[in-house]
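J.: sharing a model that was predicted from the sequence below.
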Amino acid sequence: MDPLISARGLTKRFGDLVAVDGIDFDVAKGEAFGFLGPNGAGKTSTMRMIGSTSPVTAGTLRVLGLDPAVDGPRIRARVGVVPQLDTLDMELSVRENLVIYGRYFDLTYAEAGRRADELLAFVQLTERARDQVEPLSGGMKRRLTIARALISEPDLLLLDEPTTGLDPQARHLLWDRLYRLKQRGVTLVLTTHYMDEAEQLCDRLVVMDKARIVAQGSPRELIERYSTREVVELRFPPDAAESMDGRLNGLADRVEVLPDRVLLYTANGDAASAALHESGIRPESTLVRRSTLEDVFLRLTGRSLIE
Amino acid sequence: MISGPARVLEYDLHLYRRVWRGSVVVSFLSPLLFLAAMGLGLGGLVNRSAGGVNGVAYILFLAPGLMATTTMQTASSESTYPILAKVYWERTYEAMLSTPLRVRDLVFGELAWLVVRLTLVAVLFFAVMLVFRIPRGPEAALAIPAAVLNGLAFATPILAFTATQTRDTSFSAIQRFLIMPLFLFAGAFFPIAQLPQVLQAVAWLTPLAHGVSLVRGLTLGTLTQSGALVDIGVLLAYTLAGGVGAAITFRRRLIK
Ligand SMILES: Nc1ncnc2c1ncn2[C@@H]1O[C@H](COP(=O)(O)OP(=O)(O)O)[C@@H](O)[C@H]1O
Ligand SMILES: [Mg+2]
């Protein structure tokens, strides 16, 4: 089956600045695909090109088999967009935000209204239907934006940092809704700089850094390929960590010394911390955990995802 | 494809629905008060001391001139703050452009809305003129589309300008240094011939001088064919140039 999105050498420049530097990827129908990367990596620029609101500078891009340069309106008719910053209409009520937006897709008022009511129930905002948008919480606004993006029953939903800035409870509620959409077969493409979000939601993802793709695969594959099964996190008193470096080397496959902690990458965390104890090293705290995409990112770029 | 602009127009009408009563009352009362005070009050003095203006009573001279300045002012306010809100403060256009709508739908849709808004203002002003028995004959109703065209000649260039702005400070400058001087000196209150020669030439370069002349000529039935052609030509030229400009600046601003 043809991919829903296909990019080859996709490039976006703003004057001299290269925001997206020749990236290749394919997104299949029905999958949840993620762009994981820090601020400025080029995620939003990529999403806007896919959403056919920002022209491609170079390379080829096909969305739903169509070329955004030629068929922008036809693509946009079938794609739902949740932009990084909400563009909800403060002049309109919650429900009007959905109905009026539905009109831009040439839905009749009756049809837009019917879908609006359904979607408000889906994002748990039915009680707020007549309220103004301004006083809604951040999580509610985000859910309303998602409902608005779904009004045209899109084949593809683009979510640019859907949960950035939300508290944990609001994030989990939102993930739950996205998970349901995925189960219904909606293709999701999302960007995030939260590794837990990428792990929770994405079947497959690309790691972006400095306008390029540095790795791609499923979360599990990426962890297997670029990290060890477990990680031992050590905290030392200030200045002590530097001097530890040499002594720690034999204890793990790989050692990362960060400003606030030291990470030992190893297949067996408990064994490594036992060995550590035996050699007389006494960190302030020791924590054994499984590897995450954060570790993958650190390995690939030498930096943390969230600075 | 008419449906894109129609959707944008529909959005503007939807917002207007909330304020239309107040807006209609103001658009009727303010010409009423103006014509009573200046047309009858001040006009009485003018008629007694100078025998009217250009051979007609002052209120007949003044009313159509004010009608043209009114559509100018409506056009100016409608193409500044609300448009910058949609471009920048509220990012309404960004939301619209993530749907099948295109930049040209936004431009044509806003133009359609301006036509509606200006027509409403012009019709109400004309109604006030009827109260004062000013229009001469049924052809005088053509003053309504003329006043709308005069408004568009201001709306489209200002629209083009607004799409380049990130702050509203320049809008008060437009008000102070463009709209206000034209209101006073472009022939609404006294004939342009009263101005010094140099200023007369300047005045005739502006759309308002032609808008006033056209609306007045149609209202009073004094229009000459050549005069009408020049006035309409100038107003159309401003409208078209502004429209092309707006299409360019909207695209430059909104597509990145
Ligand atoms: N409209 C724009 N004009 C100029 N530079 C831009 C514009 N949008 C994004 N950039 C730049 O492109 C780079 C990538 O930005 P972006 O795609 O927003 O990254 P991300 O979403 O991963 O944070 C950044 O350096 C950003 O400053
Ligand atoms: Mg971004």
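T.: Happy to help now that I have it. Ligands and ions are numbered 1, 2, ... in the order given.
J.: tell me which residue of the stretch 51-200 of chain B lies closest to ligand 1.
T.: residue B:94 (11.7 Å; Cβ to the nearest ligand atom). Yep, even glycine has a C-beta here, placed from its N, CA and C like the rest.
J.: and the helix or strand where that residue lies, how far out from the chain's middle?
T.: Taking DSSP states H and E as the definition, residue B:94 sits inside helix B:92-97. Here helix B:92-97 shows a centroid-to-chain-centroid distance of 27 Å under the convention Cα atoms, centre = their mean, to the nearest Å.
J.: in the chain, which helix or strand is least confident?
T.: No chain in the question, so chain A it is. helix A:240-248 (a mean of 69; mean pLDDT, DSSP states H and E).
J.: meant chain B, my bad for not saying
T.: Lowest on mean pLDDT, DSSP H and E among the helices and strands of chain B sits helix B:43-50, with a mean of 89.
J.: so the residue nearest to residue B:239 when sequence neighbours are not counted versus chain A, what's the distance?
T.: In this structure, residue B:239 finds its nearest non-sequential neighbour in residue B:152, 4.5 Å apart by Cβ to Cβ, 6 or more residues apart in numbering or on different chains. Applying Cβ to the nearest Cβ, to the nearest Å, the value for residue B:152 to chain A is 25 Å.
J.: phi and psi next, for residue B:152.
T.: Per-residue torsions, residue B:152: phi -60, psi -30 (degrees, to the nearest 10).
J.: that one touches residue B:113, doesn't it?
T.: No. Residue B:152 lies out of contact with residue B:113 (Cβ atoms under 8 Å); the separation is 11.6 Å.
J.: poorly predicted segments of the chain, please.
T.: In the absence of a named chain, chain A is used. Across chain A, the ranges flagged by pLDDT under 70 are A:1, A:241-245, A:306-307.
J.: not what I meant, chain B
T.: Flagging of chain B using pLDDT under 70 yields the residue ranges B:1-2.
J.: what residues does it put near chain A?
T.: With Cβ under 8 Å from any Cβ of the partner chain as the criterion, chain B comes near chain A at residues B:3, B:7, B:10-11, B:14-15, B:90-92, B:94-102, B:255-256.
J.: between residue B:152 and residue B:113, which has more neighbouring residues?
T.: residue B:152 (27 against 22; other Cβ atoms under 10 Å in any protein chain shown).
J.: surely the residue of the stretch 51-200 of chain B closest to ligand 1 and residue B:254 touch.
T.: Yes. The pair residue B:94 / residue B:254 is scored as a contact, 7.2 Å apart, by Cβ under 8 Å.
J.: give me phi/psi at whichever residue of the stretch 201-307 of chain A sits closest to ligand 2?
T.: Residue nearest to ligand 2 within the stretch 201-307 of chain A: residue A:208 (10.4 Å; Cβ to the ion). Main-chain torsions, residue A:208, degrees, to the nearest 10: phi -110, psi 140.
J.: how near is it to residue A:44?
T.: 11 Å (Cβ to Cβ, to the nearest Å).
J.: more crowded one of those two?
T.: More crowded of residue A:208 and residue A:44, by other Cβ under 10 Å: residue A:208, with 28 against 21.
J.: against residue A:81, how distant is the more buried one?
T.: Look at residue A:208 and residue A:81: by Cβ to Cβ, they are 19 Å apart.
J.: mind listing what residue 248 touches?
T.: Here I'm looking at chain A. Applying Cβ atoms under 8 Å, 6 or more residues apart in numbering or on different chains to residue A:248 gives the contacts A:255, A:262, A:264, A:276, A:281.
J.: chain B was what I was after
T.: Neighbour list for residue B:248: residue B:160 [criterion: Cβ under 8 Å, 6+ apart].
J.: ramachandran angles for it?
T.: Note on residue B:248: backbone dihedrals following degrees, to the nearest 10 are phi -70, psi -50.
J.: circling back to that earlier point, pull out the buried members of the residues of chain B next to chain A.
T.: Among the residues of chain B next to chain A, those classed as buried by 16 or more other Cβ atoms under 10 Å in any protein chain shown are B:7, B:10-11, B:14-15, B:90-92, B:94-102.
J.: so residue A:62 lies in a strand, does it not?
T.: Yes. When classified by DSSP: H, G, I helix; E, B strand; the rest coil, residue A:62 is found to be part of a strand.
J.: helix, strand, or coil at the closest residue to it other than its chain neighbours?
T.: Leaving aside its chain neighbours, residue A:62 sits nearest to residue A:6 (4.7 Å; criterion: Cβ to Cβ, 6+ apart). Under three-state DSSP, the three-state class of residue A:6 is strand.
J.: do residue A:136 as well
T.: Three-state call for residue A:136 (three-state DSSP): coil.
J.: so how far is ligand 1 from it?
T.: For residue A:136, the distance to ligand 1 equals 24 Å [Cβ to the nearest ligand atom, to the nearest Å].
J.: what's around residue 61, how many residues?
T.: Using chain A. Around residue A:61 there are 21 other residues, counting by other Cβ under 10 Å.
J.: chain B, not that one
T.: When neighbours are defined as other Cβ under 10 Å, residue B:61 has 25 of them.
J.: isn't residue A:232 up against residue A:255?
T.: No. Contact criterion Cβ under 8 Å: residue A:232 and residue A:255 do not qualify, at 9.8 Å.
J.: looking at the two, which has the bigger crowd around it?
T.: In this view residue A:232 and residue A:255 are compared by other Cβ under 10 Å, and residue A:232 has more residues nearby, 27 against 20.
J.: grab the nearest non-local neighbour of the more buried one.
T.: Leaving out its chain neighbours, the residue that sits closest to residue A:232 by Cβ to Cβ, 6+ apart is residue A:264, at 4.1 Å.
J.: show me what the host helix or strand of the one you found is in contact with.
T.: Assigned by DSSP H and E, residue A:264 falls within strand A:262-266. For strand A:262-266, the external contacting residues (Cβ under 8 Å, 6+ apart) are A:227-236, A:241, A:244, A:248, A:251-256, A:272, A:276, A:283, A:291, A:295, A:298.
J.: likewise for stretch A:119-131?
T.: Stretch A:119-131 is touched from outside by A:93-95, A:98, A:117, A:136, A:140, A:143-144, A:146-147, A:150-151, A:173, A:177, A:180, with contacts defined as Cβ under 8 Å, 6+ apart.
J.: same thing but 6 Å
T.: A:93-95, A:143, A:147, A:150 (Cβ atoms under 6 Å, 6 or more residues apart in numbering or on different chains).
J.: quick one: the residue nearest to residue A:232 and residue A:252, what's the gap?
T.: Counting by Cβ to Cβ, the gap from residue A:264 to residue A:252 is 4 Å.
J.: near ligand 2, which residues of chain A?
T.: Chain A comes close to ligand 2 at residues A:43-44, A:84, as judged by Cβ under 5 Å from the ion.
J.: out of these, who's nearest ligand 2?
T.: residue A:44 (3.2 Å).
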